[in-house]
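In: Just the structure for this:
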Amino acid sequence: MFQVFVFTANSQDKFNLSLEFRPRSEYRDGYRTLSEPDEKGVFLTTQRTRLNASYIDKNKIESFISFQDIRTWGQFDLNTTSSTINLYQAWVKFSIVDKLSLKIGRQEFEYDDLKILSNSTWRLQARSHDAALLEWQSSDSTFKVHLAGGVNNEEQVLFQDVYDVGNYYKNMGMIWLNKKLATTEISVLFLDLGQQLADTSINHFRTIGLYGVQEIGNMKLTGSFYLQRGRNQGDQKVTSSMAALQLKIPVNAKISVTPGFDLLSGTSAENLQDPTYNETNTFIPLYARRHRYFGIQDMFYAGGFNVPGGLADYFAKFSYKVSNKWNTAVHVHSFSTQESLFDVENNVITDNKHLGYEIDTFINYQPYKSLKLGFGYSHFLATESMRILKQRGDENEIAHFAYLQLSYSPTLFSK
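Out: The predicted model follows:
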């Protein structure tokens, strides 16, 4: 079938077939949570394999399809007939009028600093959305407007039914405006997630944000501010916010330093313990690249764990480009909650908000354009408040994490 397609394709058509092969070995001992004294670390290997095909015909209609298989080594026996292959992306994009196009299907959303919408590529399964996306840009491409929307159902129902697939939304609407100037970039984001309740009514969970980048000489200042309003799936009133700022400072051609902070609001322990307080002040970073921003040990906002009291992350990132093939980095984080914590074990509220420090180290090697090898090691120095937050483990136990990842993304065929 593939050969017939290739030989009959119009000379103006463009076809590309590519592969992603990404195995990653990890050592987890205090990864995502603190360990108990009798718990031992674990070594495991996961693998993501993708086959991607893109096609642009003579009318400039674009289409893309991506299948992926995700697995943990040893998940199936040697004679298994089980399949883990699923459709990761499948969309078509065409021009309506000049500078205005429509993209329909299962697709990735990646915007601004990736703290609200991203493909979460570190996760084995990553993330894509079933949606329609309307894209417009000015003639000089310095101003862009994107409108997106989608409505989800669990199956082909005949009448309205409750949609409760994981933490997915019933419907979604998004508006994104982006303006680029010589040394400045500004974006505005509005995201409305319709979350369905048991009586089929819909609560609207809204995120509104401003993102900006300013070049100052050879430095780059990046900041964002987000508000969340509306009501959540637990039928609580939502009033939360997030502020982020970082400054990348090149020391020389090879070394850079990036200090900054991420501040996510939270709900105090006093309010969490009050049954009449039907409100949440806890900011949810939705579909962010959490692994990138909140430490690679994934203690916060990963695996469905949201920090009730909010998070203050003050960091400094150091990077060193050894050569065109080698680069290294060290990230240092200081974590605290924004609000008080409730100590379940002692049935008291504590104002000791400091959670600990995390030190992340990276070594990356890219001998070829299609081949990357990455190593990372993380160590978390926890406090008693971290144990109170996680409600498990021992803050005196070692908490560390390491990974070795191979990423091979060759182009198999291109015409």
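
In: From Ser120, how far off is the residue nearest the centre of the chain?
Out: Centroid check for the chain by C-alpha atoms, centre = their mean gives Arg289 as the closest residue, at 2.5 Å. Distance, Arg289 to Ser120, by C-beta to C-beta, to the nearest Å: 6 Å. Just so you know, the C-beta spots here come from the backbone N, C-alpha and C atoms, and that holds for glycine as well.

In: Likewise for Phe64?
Out: In terms of C-beta to C-beta, Phe64 sits 19 Å off from Ser120.

In: before we move on, what about Thr350?
Out: Taking C-beta to C-beta, one finds Thr350 at 32 Å from Ser120.

In: More neighbours: those two, which one.
Out: Ser120 (21 against 15; other C-beta atoms under 10 Å).

In: Quick check, the more buried one in contact with Arg127.
Out: Yes - with contact defined as C-beta atoms under 8 Å, Ser120 and Arg127 form a contacting pair (4.4 Å).

In: Point out where the stretch 1-150 of the chain drops to low pLDDT.
Out: Along the stretch 1-150 of the chain, segments meeting pLDDT under 70 span 1-11.

In: hey, where'd the helices end up in it?
Out: 2-8 (DSSP state H, counting those that start in this stretch).

In: same question, the stretch 251-400 of the chain
Out: 269-272, 290-293, 384-390.

In: Mind listing the residues bridging to the residue nearest to Ala312 when sequence neighbours are not counted?
Out: Closest residue in space to Ala312, ignoring its immediate chain neighbours: Ser336 at 4.6 Å, by C-beta to C-beta, 6 or more residues apart in numbering. Taking DSSP bridges, one obtains Ala312, His354 as the residues bridged to Ser336.

In: what residues do Ser120 and Arg127 have in common as contacts?
Out: Tyr287 (C-beta atoms under 8 Å, 6 or more residues apart in numbering).

In: hang on, isn't the residue nearest to the centre of the chain packed against Leu114?
Out: Yes - the pair Arg289 and Leu114 passes the contact test of C-beta under 8 Å, sitting 4.5 Å apart.

In: Low-confidence stretches in the stretch 201-350 of the chain?
Out: By pLDDT under 70, the stretch 201-350 of the chain contains no weakly predicted segment.

In: where along it do the strands fall?
Out: 202-216, 219-231, 237-250, 255-264, 279-280, 311-321, 326-336, 341-343, 348-350 (DSSP state E, counting those that start in this stretch).

In: which one of these has the most crowded surroundings?
Out: Per residue and on average, the most neighbours among the strands of the stretch 201-350 of the chain fall to strand 341-343, with a mean of 21 (mean count of other C-beta atoms under 10 Å).

In: if we can go back for a sec, quick check: the residue nearest to Ala312 vs Pro285, distance?
Out: Following C-beta to C-beta, the distance that separates Ser336 from Pro285 is 17 Å.

In: and if you look at Glu110?
Out: Separation of Glu110 from Pro285 (C-beta to C-beta): 14 Å.

In: Same question for Ala132.
Out: 25 Å.

In: now swap in Gly74 and tell me
Out: For Gly74, the distance to Pro285 - C-beta to C-beta - is 32 Å.

In: Which of these two has more residues huddled nearby?
Out: Pro285 (23 against 9).

In: next one: phi and psi at that one?
Out: Torsion angles at Pro285 (phi, psi; degrees, to the nearest 10) stand at phi -80, psi 20.

In: got the contact list for it?
Out: For Pro285, the contacting residues are 115-116, 242, 264, 301, by C-beta under 8 Å, 6+ apart.

In: let's see it at 6 Å
Out: Counting by C-beta atoms under 6 Å, 6 or more residues apart in numbering, Pro285 makes contact with 115, 301.

In: and if you look at the one 3 residues further on?
Out: Applying C-beta under 6 Å, 6+ apart, we find Ala288 in contact with 115, 118.

In: can you rerun that using 10 Å?
Out: Contact analysis of Ala288 by C-beta atoms under 10 Å, 6 or more residues apart in numbering lists 113-118, 120, 242, 262, 294, 301.

In: got it, and Leu245?
Out: Taking C-beta under 10 Å, 6+ apart as the test, what Leu245 contacts is 212, 221-225, 259-263.

In: what pairs with it across the strands?
Out: Applying DSSP bridges, one finds that Leu245 bridges with Gly223, Phe261.

In: Need the mean per-residue confidence for stretch 376-385.
Out: Here stretch 376-385 scores 97 as its mean pLDDT.

In: Report the buried residues of it.
Out: 376-380, 382-385 (16 or more other C-beta atoms under 10 Å).

In: need those in JSON lines with distance to Ser340, can you?
Out: As requested, these are arranged in JSON lines below (distance: C-beta to C-beta, whole Å):
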{"residue": "Gly376", "distance to Ser340": "33"}
{"residue": "Tyr377", "distance to Ser340": "33"}
{"residue": "Ser378", "distance to Ser340": "27"}
{"residue": "His379", "distance to Ser340": "27"}
{"residue": "Phe380", "distance to Ser340": "22"}
{"residue": "Ala382", "distance to Ser340": "18"}
{"residue": "Thr383", "distance to Ser340": "15"}
{"residue": "Glu384", "distance to Ser340": "14"}
{"residue": "Ser385", "distance to Ser340": "10"}
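
In: Just say which of the helices of the stretch 251-400 of the chain is most tucked in.
Out: Most buried among these, counting by mean count of other C-beta under 10 Å: helix 384-390, with a mean of 21.

In: Tell me which residues are up against it.
Out: By C-beta under 10 Å, 6+ apart, the list of residues contacting helix 384-390 reads 32-34, 269, 299-300, 305, 307-309, 311, 335-337, 340-346, 348, 350-356, 380, 382-383, 393-397, 399.

In: cutoff 8 Å now
Out: 33-34, 299, 307, 309, 337, 341-345, 350, 352-356, 380, 393-395.

In: Show me which of the residues you listed are buried.
Out: Here, 16+ other C-beta under 10 Å leaves 33-34, 299, 307, 309, 337, 341-343, 353, 355-356, 380, 393-395 buried among the contacts of helix 384-390.

In: Name the nearest of the residues you listed relative to Ser18.
Out: If you rank the buried ones among the contacts of helix 384-390 by distance to Ser18 using C-beta to C-beta, Met299 comes first, at 34.4 Å.

In: contacting residues around that closest one?
Out: Per C-beta under 8 Å, 6+ apart, neighbours of Met299: 32-33, 335, 355, 358, 380, 386.

In: Now do the closest residue to Phe64 other than its chain neighbours against Lys415, distance only.
Out: The shortest distance from Phe64 to any non-neighbouring residue, by C-beta to C-beta, 6+ apart, is to Ser54 (4.7 Å). Distance of Ser54 to Lys415, computed by C-beta to C-beta: 11 Å.
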